[in-house]
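# would you be able to build a 3D model of this:
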Amino acid sequence: MSYPLEKWVWTENDFEQMSWHDARIYAVQFGKDISFDIDYIFEWIQLDKDDFFSFVVAPATLVFPEPSFVSMDIDIRLSKEIEIEDISRRVSATGETKWHIQTHQGNIVITAPAFRQIVRRAPTQQTGQQVLPEERGLPSFSTVPDPSSVESAEVREIKAADFALRQKAASLRRLRRQLEALLEQRSAGVLEVKQYLQEKRQLEARISQLKIDLEETGWQGNY
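Numbering: from 1, shown residues only. You can find the predicted model right below:
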């Protein structure tokens with residue numbers, strides 16, 4: 001899918017419409033500015049309650065220029081991964097702006113008047129909340145967008161295979177729900193025994209085949 005990216009560079013003026021929930025932090029760079037290499041989630045997609053979530057994600061560089069104060073209280077022993085829970089903004093009585101970056105592993109506080117977030121590559125649909133390693137490449141703090149970047153054939157193949165498995169798992173969930181509804185119809189006397197048994201056998205056969213297909217692939221998702 002092609003996501004209609006509004007702009008490549010976002011700033012503090014866009015703060016109210018932005019959300020960093022579950023954004024992965026890959027690396028932090030300290031210098032005159034403090035920069036974060038992150039995956040930014042633009043959209044969560046779920047077609048129906050039986051479908052799996054997919055995500056529109058892009059690698060981005062989040063920069064706080066010339067901070068006057070930085071505090072990091074992160075327990076990296078809890079996980080090798082750092083994910084943002086939320087970012088909040090507080091302005092003190094003296095006019096200082098503090099950015100509170102809450103992560104699942106601890107907190108980061110930065111005093112700086114502004115930020116810039118540069119989307120380095122066009123957002124793409126992912127089965128998870130991060131960009132595939134094969135697509136993302138090495139950590140980067142680049143502040144130059146690359147609008148010409150495209151998915152490689154390898155990445156498209158990996159995604160197609162994963163989405164196909166998720167589709168089978170979602171179909172399995174829907175068939176199980178249909179089986180439950182069929183039983184309710186029979187219990188309510190809506191269906192005759194013969195029709196109920198025929199439809200039940202058909203649904204159970206389809207469910208069985210989908211389970212075999214998923215088990216043969218070793219897929220680890222829930223279904």
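# could you measure from the residue nearest in space to the middle of the chain over to Leu47?
Nearest to the geometric centre of the chain sits Gln129, at 2.3 Å (Cα atoms, centre = their mean). To Leu47, Gln129 is 17 Å away according to Cβ to Cβ, to the nearest Å. Every residue, glycine included, has its C-beta placed from N, CA and C.
# C-terminal to the longest helix that the chain contains, what's the next element?
Counting by DSSP state H, the longest helix found in the chain is helix 153-187. Of the helices and strands lying after helix 153-187 in sequence (DSSP states H and E), the nearest is helix 193-217.
# that following helix vs helix 153-187, what angle?
Inter-element angle recorded for helix 193-217 and helix 153-187: 160 degrees (by axes from the mean of the first three to the mean of the last three Cα atoms, to 10 degrees).
# now helix 193-217, how far from the centre of its chain.
Counting by Cα atoms, centre = their mean, to the nearest Å, helix 193-217 is centred 32 Å from the centre of its parent chain.
# follow-up on the earlier one: in the longest helix of the chain, which residues are buried?
Residues 155, 158-159, 162, 165-166, 168-173, 175-176, 178-179, 182, 186 are the ones in helix 153-187 that count as buried (16 or more other Cβ atoms under 10 Å).
# kindly report the same for stretch 73-84.
74, 82-84.
# now, which of those sits nearest Lys194?
Of all these, Lys194 sits closest to Glu83, with 53.7 Å by Cβ to Cβ.
# so the closest one versus Leu47, what's the distance?
In terms of Cβ to Cβ, Glu83 sits 25 Å off from Leu47.
# can you tell me the SS state at Ser149?
State at Ser149, reduced to three classes by DSSP: H, G, I helix; E, B strand; the rest coil: coil.
# any idea how far it lies from Glu81?
Ser149 is 24 Å from Glu81, by Cβ to Cβ.
# ok, Ala181 next?
Ala181 is 40 Å from Glu81, by Cβ to Cβ.
# same question, Phe53
18 Å.
# do Arg121 as well
20 Å.
# swap in Leu172?
29 Å.
# and if you look at Ile34?
Going from Ile34 to Glu81 by Cβ to Cβ gives 20 Å.
# and if you look at Glu204?
40 Å.
# with Ala205 instead?
The separation that Ala205 has from Glu81, given Cβ to Cβ, amounts to 41 Å.
# got it, and Gln202?
44 Å.
# now Arg176
The value you get for Arg176 to Glu81, if Cβ to Cβ is used, is 32 Å.
# Ile38 now?
Taken as Cβ to Cβ, the span from Ile38 to Glu81 is 12 Å.
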